[in-house]
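Asker: pasting a predicted model and its sequence here:
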Amino acid sequence: MPGIKLYDTTLRDGSQGEGISYSVMDKIQIAGELDMLGLSYIEGGWPGSNPKDMDFFLKMSKKRLKNSSLVAFGSTRRPGIKAGEDANIKGLLKSRVKAVTIFGKTWDLHVKDVLRTSLEENLEMIRDSVSFLVSKGIVVFYDAEHFFDAYKTNKEYSLKCLRAAEDAGASAIVLCDTNGGTLTSEVSRIVSAVRPLVKVSLGIHCHNDADLAVASSLAAVEAGADMVQGTINGYGERCGNADLIPIIANLKLKMGVDCISDEKLKELTHVSHFVSEISNMKQRPDQPYTGDSAFAHKAGVHINAVMKNTLSYEHIDPGFVGNRRRILVSELGGKTGVMLRAKDTGIDLTKDDPQTKKILKLLQAMESKGYHYEAAEASFELLLQKALKKYKKFFELEGFRVVVEKESDKNITSEAIIKVKVKGAKEHTAAEGDGPVNALDNALRKALKDFYPTLSKMHLSDFKVRVLNEKAGTAARVRVLIQSQDEDESWNTIGVSENIIEASWEALVDSVEYKLLKDHAGHR
Ligand SMILES: [Zn+2]
């Protein structure tokens, strides 16, 4: 299957995902990553309906993409007017792109009930819109909205719509499972039936409402589709779009389709995390290929087997997609777990090494106090470095104070004051926050930011508190887990104390130290 084109719509369809809102700058950054990855097409937005998207296209028209073509999105013209008079089509021309995708109706139900026009006028809208844009020298892709539902209920009409677009000069016909409810077997059957009827490029655009979008996209490729549309991490309306991350990995590693280079495939984990970071969406740990847990081993039996032969519990080498193997450390994992984890951080320990025994004992002592390194490997790495006396301090705490104030009907406020020693200098800073932990976080970064500028690239993405021995009432110990992320990865740190602020501080400091450690040691 040569020449499969990857078409990303993170910036258009993906931005419809709940909780996602991109600024123009966000979009420019994501487009840069997609171009670096070497995707054929980047759909940037809908210039005719959104001024922010128009701004993006005008800014992008001054930049040069190395590998990708930028595509603008729009719809067929409105009923009863000429394409050249339609505001959204004029917007496409104004966006200065060389390629556009326009979507149109193919399902008679939509033509009659939603568009409320005649079936013949809808065909005319497709012909007129496509041929008008083609006459302006623009490459046009036609997104056949709801194609699979349309084909199942009125096959003849759905095919007339495709023919109208193709005859008018469209360069690709894209079959959309807009409602995302089509079974993979049906996608396969229908794409196979349509393939011989379309002479131009045939695309697939799946939504994930039945959790089948990736499978159906791959099935469509097997049935003859040569363009795959999707979004990074599967972001999109409702349950999202087809996730390009596993699609790329599967095409490349399982189906032998050379859609991006081996070198770029190694960037997949970075791009997945980068886009999650910019999208302000928590990275799914169980995301296939690029999630933090995708190659994490916990059971002792698995750890032992993976040490003998990684293929025993891994379907691919994690390095192919730029991810890494993780050995989850717990008391149960024993010396093997400690050794493997140490090896991960570049420290060679043997089973008989007295250091291995010392670390295992330390680990057991910490676990009995309520530390739980399985979920906090960044803290474990720091523990290891400190136990082996390899750790060089980035800063030293001299003290902190947190003030939480509530005045009758006013909002509650939190302020933290901290004193730290950094590179011989004494820093004394104060900062406010949404709560005491946020205030501490802000104060610590404020103190360190001039010494370690990369700290501005990380932020806390999750904060969990658990009470450990509930029977002790208010004197109970609490365990705080903090997840932090930057553009490349996320990591977890832990703190345990009878005081929630102290436990949080401990996890916070580990989080910052881990970031500094990995930035300064050419870590991993
Ligand atoms: Zn869509």
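Answerer: Sure, I can see it.
Asker: residue with max distance from the center of this protein?
Answerer: Ser408 (43.2 Å; C-alpha atoms, centre = their mean).
Asker: excluding its backbone neighbours, what's nearest Ser414?
Answerer: Excluding the flanking residues, the one nearest Ser414 by C-beta to C-beta, 6 or more residues apart in numbering is Ala439, at 4.3 Å. For glycine as for every other residue, the C-beta is placed from the backbone atoms N, C-alpha and C.
Asker: can you classify the residue farthest from the centre of the chain by secondary structure?
Answerer: Counting by DSSP: H, G, I helix; E, B strand; the rest coil, the backbone at Ser408 sits in coil.
Asker: now it: how far from Glu415?
Answerer: Between Ser408 and Glu415 the computed distance is 18 Å (C-beta to C-beta, to the nearest Å).
Asker: follow-up on the earlier one: residue contacts, the residue nearest to Ser414?
Answerer: Val402, Ser414, Glu415, Ala416, Ala431, Glu432, Gly433 (C-beta atoms under 8 Å, 6 or more residues apart in numbering).
Asker: may I have the phi/psi pair for the residue farthest from the centre of the chain?
Answerer: Note on Ser408: its backbone torsions stand at phi 20, psi -100 [degrees, to the nearest 10].
Asker: where does it land on pLDDT?
Answerer: At Ser408, the pLDDT value in this model is 86.
Asker: quick one: low-confidence residue ranges for this protein.
Answerer: 1-2, 329-333, 470-475, 522-524 (pLDDT under 70).
Asker: swap in 80 and give it another go.
Answerer: Applying pLDDT under 80 to the chain flags residues 1-2, 277, 298-301, 328-337, 340-341, 344-346, 372, 374-375, 468-475, 521-524.
Asker: before we move on, the earlier item: residue contacts, the residue farthest from the centre of the chain?
Answerer: Residues counted as contacts of Ser408 (C-beta under 8 Å, 6+ apart): none.
Asker: go on, Met307?
Answerer: Thr336, Leu340.
Asker: hang on, it in a strand?
Answerer: No - counting by three-state DSSP, Met307 falls outside a strand, being helix.
Asker: would you list every one of the helices in the stretch 101-250 of the chain?
Answerer: Using DSSP state H, counting those that start in this stretch, the helices of the stretch 101-250 of the chain run over residues 108-110, 119-135, 147-153, 155-167, 184-194, 213-222, 244-253.
Asker: and the longest helix belonging to the chain, what does it pack onto?
Answerer: Longest helix in the chain by number of residues (criterion: DSSP state H): helix 500-520. Under the contact definition 3 or more C-beta pairs under 8 Å, 6 or more residues apart in numbering; DSSP states H and E, helix 500-520 sits against helix 377-387, strand 396-405, helix 436-448, strand 459-467, strand 478-485, strand 490-497.
Asker: could the ones you listed be laid out in CSV, adding distance to His207?
Answerer: Shown next, in CSV, are those (distance: least, C-beta to C-beta, whole Å):
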stretch, distance to His207
helix 377-387, 35
strand 396-405, 46
helix 436-448, 37
strand 459-467, 27
strand 478-485, 27
strand 490-497, 27
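Asker: which of the ones you listed sits closest to Ala223?
Answerer: With C-beta to C-beta as the measure, strand 490-497 is the member of the helices and strands packed on helix 500-520 nearest Ala223 (37.1 Å).
Asker: now that closest one, how far from the centre of its chain.
Answerer: Taking C-alpha atoms, centre = their mean, to the nearest Å, one finds the center of strand 490-497 at 23 Å from the center of the full chain.
Asker: going by contacts, tell me the helices and strands next to it.
Answerer: With contacts taken as 3+ C-beta pairs under 8 Å, 6+ apart, strand 490-497 sits against helix 377-387, strand 478-485, helix 500-520.
Asker: so which of those gets nearest Lys136?
Answerer: Counting by C-beta to C-beta, Lys136 lies closest to strand 478-485 out of these; the figure is 43.7 Å.
Asker: and that closest one, which strands flank it?
Answerer: According to DSSP bridges, strand 478-485 has the following sheet partners: strand 459-467 (antiparallel), strand 490-497 (antiparallel).
Asker: for Ala249, find the nearest of the ones you listed.
Answerer: strand 490-497 (19.5 Å).
Asker: can you give me the angle that closest one makes with helix 377-387?
Answerer: Relative orientation of strand 490-497 versus helix 377-387 (axes from the mean of the first three to the mean of the last three C-alpha atoms, to 10 degrees): 70 degrees.
Asker: strand 490-497 to helix 500-520, inter-axis angle?
Answerer: Between strand 490-497 and helix 500-520, the angle comes out at 150 degrees (the same axes, to 10 degrees).
Asker: what does strand 490-497 contact?
Answerer: 273, 283, 292, 369-373, 375-379, 461, 468, 477-485, 502-508, 510-511, 514-515.
Asker: buried stuff in stretch 238-257?
Answerer: Buried residues in stretch 238-257, counted by 16 or more other C-beta atoms under 10 Å: 240-253, 257.
Asker: what do you get for stretch 73-90?
Answerer: Phe73, Gly74, Ser75, Thr76, Arg77, Arg78, Ala83, Asp86, Asn88, Ile89.
Asker: just the endpoints, please. Distance across that stretch?
Answerer: One end of stretch 73-90 to the other measures 12 Å (C-alpha to C-alpha, to the nearest Å).
Asker: list of residues touching it?
Answerer: With contacts defined as C-beta under 8 Å, 6+ apart, stretch 73-90 is touched by 9, 12, 43-49, 91-92, 100-105, 115, 117, 121-122, 125-126, 128-133.
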